[in-house]
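Colleague: Just to be clear, the model below is a prediction. Sequence and coordinates:
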Amino acid sequence: MSRGTTDGSPRQKVFKTRAKALPQLLLKTRTLTLIVSALSAAFFLKPAIAQGSRPVRLSPEAEQHWRQGQRLLGTMQPRLALVEFDQALKLAPGNIAILAARGACLMRLKDFEGAYRDFHAALLKSPGQPDLLRLRGTANMCLCEADRAIDDLSQAIAIKPTAQAIFNRATCYIQTARYEKAIDDYTNLIKRRANLYPSLFQRGRVYYLLDEYDKAIVDFSAVIKADPNSALKCYICRGRAFAAKGRTDLALADLKKAVLLDDDYAESFYAPAVESLIESDARLEERPPANEQRSSTGKLKSLSSKQSQSNQEAGDKYLAEALALKEKKQLARALAACNLALKANGRSTTAHVLKGKILMDSGNYKAALACFNQAWTMDNLNLDAVRGRAEANAALGLPQRTLADLGKLVLASPDDPELRFRQAELFDKLKRSKEALAGYLKCLELDHRKELLKNKLGKDKDAYFRIAQATQALSAEQRRKASVRIEILKH
């Protein structure tokens with residue numbers, strides 16, 4: 001590894017190249033916690049549901065399929081287990097325990113719509129069952145139906161306040177920007193010492209969204225001290241909070257600690273918070289990332305090493321061709337090339353996302369949504385898929401699902417003024433004026449710090465009008481400050 005230069009030029013280039021990867025690490029922690037939480041619930045379903053819930057005695061044949069399905073589910077073979085549960089349900093239609101177990105299989109297979117249907121059917125036969133409410137709520141959460149998830153999880157918590165239900169509800173509160181309620185749920189878990197370190201970490205991230213940087217720093221520091229395995233992401237987040245407070249010395253100190261743990265991740269993910277400092281700081285080591293992320297809008301993701309070399313070359317060739325044709329607005333040919341890329345490698349999330357973008361440009365929003373969903377279920381760290389899904393849901397008139405995905409993106413990139421603006425815009429449409437105003441003002445504050453919004457919004461005069469409208473609820477002094485920012489944006 002070579003040392004950085006004092007003029008900062010090479011380092012700035014490296015950081016800008018890798019800054020696009022910023023949200024991935026932070027989304028990883030949140031999304032994996034969310035999904036593992038959901039699947040854990042499904043895996044331990046039988047003890048919670050089976051007892052006393054069977055409406056009829058199972059026949060010997062149904063019992064055999066039931067037991068075989070349980071065995072296969074327990075050995076992580078959900079596809080085979082699903083076949084067994086299907087057979088059991090044919091012999092015992094409407095059996096609550098089998099419906100719940102099949103829902104567990106579908107959760108593992110990331111068929112959240114199917115899982116929701118099974119949990120819902122079971123609840124129709126056994127209303128108020130807290131474990132089923134929790135699981136249906138988790139399925140709703142994975143479907144980006146955060147409000148419905150909150151309803152289910154709240155009912156489950158009122159009857160049986162499990163840590164998992166509370167943690168998942170907090171996740172949904174974040175997705176819908178109900179940050180104070182998320183804080184309450186995490187604080188409840190911390191007092192109970194349940195999901196302690198994930199709850200501390202998540203609460204710190206929410207405090208950051210609320211501009212309560214001192215409290216965020218306290219939470220991140222507590223996790224660093226008690227859970228060394230979480231130190232990397234906490235140094236990154238705590239450093240960002242120090243930077244927001246203007247403590248650049250402490251921000252850089254945390255960056256360097258993170259670099260020692262994982263230089264590629266730390267330098268990439270930290271860059272936006274301290275980019276202005278890097279030019280004058282020559283003490284950090286520099287090297288190109290060992291495994292640099294490739295954006296689906298620019299560089300192409302490498303295909304799985306398990307694919308043959310010929311398939312890799314074919315997939316790359318077709319993807320490059322599809323991207324070039326999309327940029328030329330030759331959408332039919334671009335779609336055909338993308339389909340060839342998927343034929344060469346159906347597990348390519350980049351190809352699924354690119355196909356979704358082509359379909360969006362073609363106005364086929366429903367098919368585009370299916371592509372983005374496919375990419376996300378294959379790789380729940382893929383922010384391109386989340387962003388694309390948010391756009392598709394917005395185009396299809398599904399504001400609640402759009403809001404949930406925007407919530408994910410804001411949590412992953414809390415300092416992005418464009419994301420905050422789009423979130424505020426949606427709150428406006430949903431008549432949530434308090435959240436809309438807070439979002440618009442935060443957007444102005446972030447733009448003041450980063451000077452990005454003017455370029456991103458371009459000639460969107462309606463954007464300035466909406467912000468100006470929102471500021472009418474402010475005091476005279478607050479309006480004066482906001483109007484100054486609006487004028488800067490216009491010029």
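Modeller: That came through fine. Numbers count the residues shown, from 1 in each chain.

Colleague: Kindly export stretch 219-226 (C-alpha atoms) in PDB.
Modeller: C-alpha atoms of stretch 219-226 as PDB (Å, rounded to 0.1, in the frame of the first residue of the first chain):
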ATOM      1  CA  ASP A 219     -25.000   4.400  21.500                       C
ATOM      2  CA  PHE A 220     -22.300   3.700  18.900                       C
ATOM      3  CA  SER A 221     -19.600   4.000  21.600                       C
ATOM      4  CA  ALA A 222     -21.500   1.500  23.800                       C
ATOM      5  CA  VAL A 223     -21.600  -1.100  21.000                       C
ATOM      6  CA  ILE A 224     -17.900  -0.500  20.200                       C
ATOM      7  CA  LYS A 225     -17.000  -1.200  23.800                       C
ATOM      8  CA  ALA A 226     -19.100  -4.300  24.300                       C
END
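
Colleague: Quick check: buried residues in it?
Modeller: Neighbour counts over stretch 219-226 (16 or more other CB atoms under 10 Å) mark Asp219, Phe220, Ala222, Val223, Ile224 as buried. Bear in mind the C-beta positions are built from the backbone N, C-alpha and C, glycine included.

Colleague: How about stretch 395-410?
Modeller: Applying 16+ other CB under 10 Å to stretch 395-410 flags 395, 398, 400-410 as buried.

Colleague: residues in contact with it?
Modeller: 23, 27, 30-31, 143-148, 172, 174-177, 209, 360, 365-366, 369, 383, 386-387, 389-390, 393-394, 416, 419-420, 422-423, 426-427, 429-430 (CB atoms under 8 Å, 6 or more residues apart in numbering).

Colleague: quick one on the thing from earlier: what about the buried residues of stretch 219-226, which are in helices?
Modeller: Asp219, Phe220, Ala222, Val223, Ile224 (DSSP state H).

Colleague: will you turn those into CSV that also has pLDDT?
Modeller: Shown next, in CSV, are these (pLDDT from 0 to 100):
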residue, pLDDT
Asp219, 96
Phe220, 95
Ala222, 94
Val223, 93
Ile224, 92
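
Colleague: Tell me the one of these nearest Asn195?
Modeller: Val223 (12.1 Å; CB to CB).

Colleague: and the protein, what are its domains?
Modeller: 44-176, 294-390, 416-491 (automatic domain parsing).

Colleague: Which of these sits closest to Ala194?
Modeller: That would be domain 44-176 among the domains of the chain, by CB to CB, at 3.6 Å.

Colleague: on that earlier part again, got a markdown table for the domains of the chain, with distance to Asn229 too?
Modeller: Shown next, in a markdown table, are the domains of the chain (distance: least, CB to CB, whole Å):
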| stretch | distance to Asn229 |
| --- | --- |
| domain 44-176 | 18 |
| domain 294-390 | 18 |
| domain 416-491 | 28 |
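
Colleague: right, and those - which one's nearest Ala253?
Modeller: Judging these by CB to CB, what sits closest to Ala253 is domain 416-491, at 20.8 Å.

Colleague: avg pLDDT for the closest one?
Modeller: Per-residue pLDDT values across domain 416-491 average out to 66.

Colleague: Ok, stretch 379-388 next?
Modeller: According to the model, stretch 379-388 has a mean pLDDT of 87.

Colleague: Can you give me the end-to-end span of that stretch?
Modeller: Taking CA to CA, to the nearest Å as the measure, stretch 379-388 stretches 14 Å from start to finish.

Colleague: follow-up on the earlier one: give me the ChimeraX select line for the contacts of stretch 395-410, limited to the buried ones.
Modeller: Only the buried entries of the contacts of stretch 395-410 go into this ChimeraX selection, using 16+ other CB under 10 Å:
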select :23,27,30,31,143,144,145,146,148,172,174,175,176,177,209,360,365,369,383,386,387,389,390,393,394,416,419,420,422,423,426,427
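
Colleague: do you know how far Asn351 is from Gly388?
Modeller: That one is not Asn; residue 351 is Ala. 13 Å (CB to CB, to the nearest Å).

Colleague: Compare neighbour counts for those two and give me the winner.
Modeller: Between Ala351 and Gly388, counted using other CB atoms under 10 Å, Ala351 has the larger neighbour count: 30 against 27.

Colleague: Residues touching the strand or helix carrying the more buried one, excluding its own?
Modeller: Using DSSP states H and E, Ala351 sits in helix 349-362. Contact with helix 349-362 is made by 294, 296, 300-301, 315, 319, 322-323, 326, 329, 331, 334-335, 338-339, 341-342, 345, 365, 367-372, 374-375, 378-379, 382, 384-385, 388, 391-392, 395, as judged by CB under 8 Å, 6+ apart.

Colleague: Give me the subset of the contacts of stretch 395-410 lying in helices.
Modeller: Going by DSSP H, the helices hold 23, 27, 30-31, 146-148, 172, 174-175, 209, 360, 365-366, 369, 383, 386-387, 389-390, 393-394, 419-420, 422-423, 426-427, 429 from the contacts of stretch 395-410.

Colleague: returning to that earlier point: with distance to Lys191 added, can I get the buried residues of stretch 219-226 in JSON lines?
Modeller: Below are the buried residues of stretch 219-226 laid out as JSON lines (distance: CB to CB, whole Å):
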{"residue": "Asp219", "distance to Lys191": "14"}
{"residue": "Phe220", "distance to Lys191": "19"}
{"residue": "Ala222", "distance to Lys191": "14"}
{"residue": "Val223", "distance to Lys191": "16"}
{"residue": "Ile224", "distance to Lys191": "20"}
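
Colleague: quick one: which of those is nearest Asn95?
Modeller: Val223 (43.5 Å).

Colleague: now the closest one: how far from Leu210?
Modeller: 18 Å.

Colleague: And Val353, by the same measure?
Modeller: 32 Å.

Colleague: With neighbour numbers in mind, choose between these two.
Modeller: Ranked by neighbour count (other CB under 10 Å), Val353 and Leu210 place Val353 first, with 30 against 15.

Colleague: Show me the strands in this protein, by range?
Modeller: 2-3, 285-286 (DSSP state E).

Colleague: where among those strands is the average confidence lowest?
Modeller: strand 2-3 (a mean of 35).

Colleague: still on that earlier bit, please flag which of the buried residues of stretch 395-410 sit within helices.
Modeller: Per DSSP H, the buried residues of stretch 395-410 map to helices at Ala395, Gln400, Arg401, Thr402, Leu403, Ala404, Asp405, Leu406, Gly407, Lys408, Leu409, Val410.

Colleague: circling back: and the buried residues of stretch 395-410, which is closest to Lys160?
Modeller: Nearest member of those to Lys160, counting by CB to CB, is Ala404, at 24.7 Å.

Colleague: so where's the stretch 1-150 of the chain shaky on pLDDT?
Modeller: Filtered on pLDDT under 70, the stretch 1-150 of the chain yields the residue ranges 1-56.

Colleague: in the stretch 151-300 of the chain, which spans are helices?
Modeller: Assigned by DSSP state H, counting those that start in this stretch, the stretch 151-300 of the chain shows helices spanning 163-175, 179-192, 196-209, 213-226, 231-244, 248-261, 263-278.

Colleague: could I get these as TSV with distance to Leu58?
Modeller: What follows is the helices of the stretch 151-300 of the chain, written out as TSV (distance: least, CB to CB, whole Å):
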stretch	distance to Leu58
helix 163-175	28
helix 179-192	38
helix 196-209	38
helix 213-226	47
helix 231-244	47
helix 248-261	53
helix 263-278	51
